[in-house]
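> Would you be able to build a 3D model of this:
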Amino acid sequence: MPKATLRAALIAGAAITAILAGTIPLVAPQIVPAFAQETQAPAADPAAPAQNPPAPAATTETKPDPNQVVAHVNGVDVTRQEVLDSAADLPEQIRSQIDLVFPQLLNRYIGLKLLGDKGRAENLAEDPEVKKLMSEYETQAIRQVYVTRYLAQQVTDDAVKARYEKKLKDNPPPEEVRAAHILVKTEDEAKAIIEQLKGGADFAALAKEKSTDKGSGANGGELGWFAKDVMVKEFADAAFAMKVDEFSQTPVKSQFGFHVIKLEERRTQPAPTLDSQREQIRAELSEESVQALVSNLRKDAKVEILGPDGKPVPEGQQPAQQPQQ
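Numbers count the residues shown, from 1 in each chain. Next up is the predicted model:
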């Protein structure tokens, strides 16, 4: 079975499992068994003559019409778009395979519609509990649309770029070095290695032979690029004080033992790109913008916080404002 087909089957199975775990069980024809049958196809006879597979038929992908009527429920048309809208709150793994699980989603929607129609027929639209929920949903929808439009004005591409440039200015990329080391247990061992290096011995060969750090030792002592703050202080201070192609003239002691260090390169750490930071900056600006908006609204609002006893809470004892969702 081709890997792509197997992956699609597994995703479909996970999606259907997630749907079946929902409030409305789905009873549409199963998708997974079709894939299962494919996996059980008999293996080809190795003695049979090879055959060229037929060329795939040319296909033209047509995007389904969202206004296409896909069902009639008690004489009322159900469109494809209505079914898709009903899946908006389902997991991404289902929505990403929407065509594969559409029959199940359609049956789910039909069930939801029948339940809603039944409640409406019993005049629940006028029920106080329903009206209370509708008021809450309306407030939530108004808040969501308002905040979305507000952030569209505040968190612009220019604002993101300005924040990115400010971050680079306030936090310039640190210096990095690329170094190798030979780690041994005693100072005398380290001194002996330094003498060998002074006599022309190859650093990488000595690292492979003598270093107790077997991970880097197998690579000639290579540690790769690192900034000063990621290494223990004694090691970092010694490495960043050296010149390129220089090895330490005295052993460097750390909590791990004694190091002989060779500095190989020095550079400024590459700055992160705007694209790599864009979503994080958007999230930061969005949170800051909403917090500022709420703070300004509170200044113009009359807010009185009461304690468990129903008495006003003194200003200094009031809970801090929480981030807005």
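> Run a quick neighbour tally on residue 274.
Counted with other CB atoms under 10 Å, residues neighbouring residue 274 total 15. (C-beta placed from N, C-alpha, C; glycine too.)
> low-scoring stretches of this structure, by residue?
In the predicted model of the chain, residues 1-61, 319-325 satisfy pLDDT under 70.
> could you list every residue that touches residue 289?
150, 151, 154, 155 (CB atoms under 8 Å, 6 or more residues apart in numbering).
> Relative to residue 275, how far out is it?
Distance, residue 289 to residue 275, using CB to CB, to the nearest Å: 22 Å.
> same question, residue 266
27 Å.
> okay, those two: which has more neighbours?
More crowded of residue 266 and residue 275, by other CB under 10 Å: residue 266, with 16 against 8.
> List the contacts of residue 194.
Counting by CB under 8 Å, 6+ apart, residue 194 has contacts 247, 248, 249, 250, 251, 260.
> And whichever strand or helix holds residue 148, what does it pack against?
Assigned by DSSP states H and E, residue 148 belongs to helix 128-154. On a contact count with 3 or more CB pairs under 8 Å, 6 or more residues apart in numbering; DSSP states H and E, helix 128-154 meets helix 274-299.
> and the helix it packs on with helix 128-154, angle?
In terms of direction (axes from the mean of the first three to the mean of the last three CA atoms, to 10 degrees), helix 274-299 departs from helix 128-154 by 120 degrees.
> Would you indicate which residues of helix 274-299 are buried?
277, 281, 282, 285, 286, 289, 290, 293 (16 or more other CB atoms under 10 Å).
> For those, which two are the farthest from each other?
Across the buried residues of helix 274-299, no pair lies farther apart than 277 and 293, at 23.6 Å, counting by CB to CB.
> about what we covered before: show me the contacts of residue 194 that map onto helices.
Of the contacts of residue 194, none are assigned to helices by DSSP state H.
> can you put the residues you listed in TSV and add distance to residue 68 and neighbour count?
What follows is the contacts of residue 194, written out as TSV (distance: CB to CB, whole Å; neighbours: other CB atoms under 10 Å):
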residue	distance to residue 68	neighbour count
247	74	18
248	74	23
249	79	10
250	80	12
251	77	22
260	74	29
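> Just the closest of those to residue 315, please.
residue 248 (60.3 Å).
> Test my guess that that closest one contacts residue 259.
Yes: with contact defined as CB atoms under 8 Å, residue 248 counts as touching residue 259 (7.2 Å).
> what do the two both touch?
Joint contacts of residue 248 and residue 259 (CB under 8 Å, 6+ apart) are residue 238.
> give me the number of residues near the closest residue to residue 124 other than its chain neighbours?
Excluding its sequence neighbours, the residue lying closest to residue 124 (CB to CB, 6 or more residues apart in numbering) is residue 130, at 5.3 Å. Look at residue 130: counted by other CB under 10 Å, it has 14 neighbours.
> so what's residue 224 closest to, chain neighbours aside?
Closest to residue 224 by CB to CB, 6+ apart is residue 178, at 6.3 Å.
> tell me the SS of that neighbour?
strand (DSSP: H, G, I helix; E, B strand; the rest coil).
> Next, the buried residues of the biggest strand by length in the chain.
As assigned by DSSP state E, the longest strand anywhere in the chain is strand 257-268. For strand 257-268, a neighbour-count test (16+ other CB under 10 Å) marks 257, 258, 259, 260, 261, 262, 263, 264, 266 as buried.
> again, but for stretch 180-200
180, 181, 182, 183, 184, 189, 190, 192, 193, 194, 196, 197.
> now the helix or strand containing the third one: how far from the chain's centre is it?
Secondary structure here is read from DSSP H and E; on that basis residue 182 sits in strand 175-184. In terms of CA atoms, centre = their mean, to the nearest Å, the gap separating the centre of strand 175-184 from the centre of its chain is 33 Å.
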